[in-house]
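Student: Okay, structure incoming, though there's no sequence with it:
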């Protein structure tokens, strides 16, 4: 496991959803994180595509591909927030949440433009498997209109 | 007029249109007839007519004077044209000399003597005129005569007039040049008149209230004399006399001088250097009092040349023979030493602010003024001396006034020594302040220190060109320019840093004024009156310009303080920033690897079938979790130690927070299968302003500890509240606190356990104290378990 992408982007649109499996997009510049979380999430029943390079992820992103995007906040090329905005442009229905190991979390929250985001969308690393799954379920079962 | 026939003839002639001109001497006796004549003919008056003649256009008749109106028996007759013409000519000449009758008539009517101005010739006539003058006067005599006259005045005949005048009560004022020769007569004169002396009187004049007599040269005076009784002339001469009287000197003084062999009154200019010194020395010796007013530049010279003599004078003063020496001079740093010498010797010295344009010395007798003149290319010194009492008096008065306004030398010397020698100038006019500002900048040699109070002040002055001037001075003259200003305008002044001006930024300035110090010598403080104004002149208020050492240096000290402070704050800020960055990076780096370890070990558990394998994994997991907790705690400790622990205060309802924690732990206990009950004893709810996650951390820490050290039993979370604070306590029924650990309970790595990091209580304490609260732990009184409680102040929310 572990280099670049493991997703096969040429899957037909919407078919996966119809199959009932929730599709998750995971973007983190740390390959081991990607690997570890992919194991946890896929064993829980999700289809997970991981990306180390956010730019590449955007390149191949097509609308109605993912139900949830989990984004690392601190990445060298593009930070999580930027990525979040770009993803929303492509598909506004995709739910997004953030993984962060940094202290930036608090600072970003205080920034006005992100103040509207629910702080529950932020998942702090490291997190136990149980807690992670709990959070994911919460986010997925949320009312979509509560998100921006 | 009496003769009928004559009169009849006149009448008919007039009827015929005859032009009649008559000249006669009008006097009191013929006044009446003259009046009649004046009515019918052109009448004029001429004094002293001794003959009679009449001339017509063709005939001439003459006779001798009529006496007693007796008709004459003899007449001269001629019809010779030549004679007629000649007599006509003579008549015309006399006509021109004669005075219009009306005036004369009037004068006679008013009994006024005829106004005349004439020259009297002949000794006899002159003397008579003088005597008449003496008799005619009823009120006053004013005489100004040369030195030869007093003897004449006191001669037999003339003296009689004086004696007489005295008895008649006439006021006599007599001015003459009193000399040794006429001294005797002058003294005599003083019996009858007020006498005054005037040097150099030449000629004579005497004027009474009615008549004036004058003479050009005393030598020939008895030969001719100018006389006038014309009012205007008399007034004028009296006026001239008054002036002379005021300028003349009391006779007594002069007489005394002469008798005592005194010095003549004179004003002389001495140009020879040796003579000057000699004169000055003589005067010092002769004086009874010395008032000196030297220019500061000369003081040294005076000291070297005359100090010895001054000392003698002062010795005389001690003996009571001299009134002493007083000196006025403008004292500045350059003459401090020599002034001290004078003061020490006993000279009274005073200081005046403005340097006098000349040097002078006044004694009781004389005044000496030192003049310097640039003639050609050489500076010529000359001494103007005068013993003219008027001048001496005047200079003494000038000295007196300066003396009264002066400051005691001792005080002035003290000021100079303490460096308060220069005044502080208060400038009200902003334009003048600006002038001084630029001036000070331009004239700086070594160093300029400048403080701007506000960002606007920087912009205003930049607009005015001040920064450009400063740059110029820094670049061209190599002056070391340092500037302190608020950080907001750093962009605007970037260029100037390149131009050689060192700029540092400060957060807050001390005061609201622009401060400029040049060369550690000059200080200009410009108070900021209104920062909202657009331009410099409207913005500044009063300014202070000073070269007072104390003032300047205190501002220099303040500047240096701020300058180094900025270094420190910059360093601190940089350090701060570095710390924060370190913590951020450390946090990220610590947390990142832990995630895969945790996740995968947990996931791996599902893959591992064997119980041993699972046990091994459990150990790994446990340690991974511990590592995670340790990482977080170390990060917290780092934050606490570097004082970058930031608290995020918000109003939270305490109950929900505690419930969350309680529920979490209950779940945990259930999962792990423990026999511990957690109870929340918290009726009601409280709203409190705290950092939610941190207080959560603290309570969790306490509960975790409780759980860790309690095998079975219960843990009670209790909350109480009073006016000032709330108390949250966690009480357990476990093994209690080890007494050995007690003293170090809240310090780093005090407790050791398998799962604990040893940092929890230290961090909790720091968090609680950062809220302004306290934490304590003690063993329960009933013997089992411990109780940890935290007190948090109820922060009163202010707007």
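Tutor: Ah, there it is. No experiment lies behind these values; they were computed from the predicted model shown.
Student: Show me the contact partners of stretch B:202-209.
Tutor: With Cβ atoms under 8 Å, 6 or more residues apart in numbering or on different chains as the test, stretch B:202-209 has contacts from B:130, B:133, B:136-146, B:149, B:212-218, B:221, B:234, B:237-238, B:240-241. Placement of C-beta: from N, CA and C, glycine included.
Student: Return a ChimeraX selection command for the buried portion of the residues you listed.
Tutor: Buried residues among these (16 or more other Cβ atoms under 10 Å in any protein chain shown), as a ChimeraX selection:
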select /B:130,133,137,140,141,142,143,144,145,146,149,212,213,214,215,218,221,234,237,241
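Student: Name the SS class of residue B:791, please.
Tutor: strand (DSSP: H, G, I helix; E, B strand; the rest coil).
Student: Let me know the pLDDT of it.
Tutor: Looking at residue B:791, its pLDDT stands at 94.
Student: So what sits opposite it in the bridge?
Tutor: Bridge pairing for residue B:791 (DSSP bridges) gives the partners residue B:727, residue B:774.
Student: Report the beta-bridge partners for the residue lying closest to residue B:451 once chain neighbours are set aside.
Tutor: Nearest non-adjacent residue to residue B:451, counting by Cβ to Cβ, 6 or more residues apart in numbering or on different chains: residue B:515, 4.3 Å away. When assigned by DSSP bridges, residue B:515 has beta-bridge partners residue B:451, residue B:525.
Student: how close does residue B:515 sit to chain A?
Tutor: Residue B:515 sits at a distance of 39 Å from chain A (criterion: Cβ to the nearest Cβ, to the nearest Å).
Student: ditto for residue B:208
Tutor: On the measure of Cβ to the nearest Cβ, residue B:208 and chain A end up 113 Å apart.
Student: any idea how far that residue is from residue B:488?
Tutor: Using Cβ to Cβ, to the nearest Å, residue B:208 is found at 95 Å from residue B:488.
Student: Which of the two has more residues huddled nearby?
Tutor: The residue with more neighbours, out of residue B:208 and residue B:488, is residue B:208; 24 against 13, by other Cβ atoms under 10 Å in any protein chain shown.
Student: for stretch B:330-342, what is the average pLDDT?
Tutor: In this model, stretch B:330-342 has an average pLDDT of 84.
Student: Disregarding flanking residues, what is the spatial nearest neighbour of the residue nearest the centre of chain A?
Tutor: Compute the mean C-alpha point of chain A, and by Cα atoms, centre = their mean the closest residue is residue A:70, 1.5 Å away. The shortest distance from residue A:70 to any residue other than its chain neighbours is 4.9 Å, reached at residue A:26 (Cβ to Cβ, 6+ apart).
Student: host element of residue B:370?
Tutor: Residue B:370 belongs to strand B:367-375 when assigned by DSSP states H and E.
Student: Show the average pLDDT along that strand.
Tutor: pLDDT averaged over strand B:367-375 gives 77.
Student: OK, contacts around the closest residue to chain A within the stretch 301-450 of chain B?
Tutor: Closest contact between the stretch 301-450 of chain B and chain A, by Cβ to the nearest Cβ, is at residue B:450 (37.6 Å). With contact set as Cβ under 8 Å, 6+ apart, residue B:450 has these partners: B:470, B:481, B:482, B:483, B:484, B:514, B:515, B:516, B:517.
Student: got the residues of chain A near chain B?
Tutor: Contact residues, chain A versus chain B (Cβ under 8 Å from any Cβ of the partner chain): A:30, A:32-33, A:35-37, A:39-40, A:43, A:74, A:101-104, A:106, A:125-129, A:132.
Student: hmm, 10 Å instead?
Tutor: Applying Cβ under 10 Å from any Cβ of the partner chain, one finds that chain A approaches chain B through A:28-44, A:72-74, A:99-104, A:106-107, A:109-110, A:124-130, A:132.
Student: out of the residues you listed, which are buried?
Tutor: A:28-30, A:32-41, A:44, A:72-74, A:99-104, A:125-129, A:132.
Student: residues contacting the residue of the stretch 151-300 of chain B found nearest chain A?
Tutor: Nearest to chain A, among the residues of the stretch 151-300 of chain B, is residue B:296, at 71.5 Å (Cβ to the nearest Cβ). Contact analysis of residue B:296 by Cβ atoms under 10 Å, 6 or more residues apart in numbering or on different chains lists B:329, B:330, B:331, B:332, B:334, B:335, B:338, B:339, B:355, B:356, B:359.
Student: mind listing the strands for chain A?
Tutor: Under the criterion DSSP state E, chain A contains strands at A:23-27, A:47-51, A:68-72, A:95-100, A:122-124.
Student: Format those strands as JSON lines; extra columns: distance to residue B:348 and mean pLDDT.
Tutor: Below are the strands of chain A laid out as JSON lines (distance: least, Cβ to Cβ, whole Å; pLDDT from 0 to 100):
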{"stretch": "strand A:23-27", "distance to residue B:348": "98", "mean pLDDT": "92"}
{"stretch": "strand A:47-51", "distance to residue B:348": "101", "mean pLDDT": "92"}
{"stretch": "strand A:68-72", "distance to residue B:348": "94", "mean pLDDT": "91"}
{"stretch": "strand A:95-100", "distance to residue B:348": "89", "mean pLDDT": "87"}
{"stretch": "strand A:122-124", "distance to residue B:348": "91", "mean pLDDT": "84"}
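Student: Thanks a lot, see you next time.
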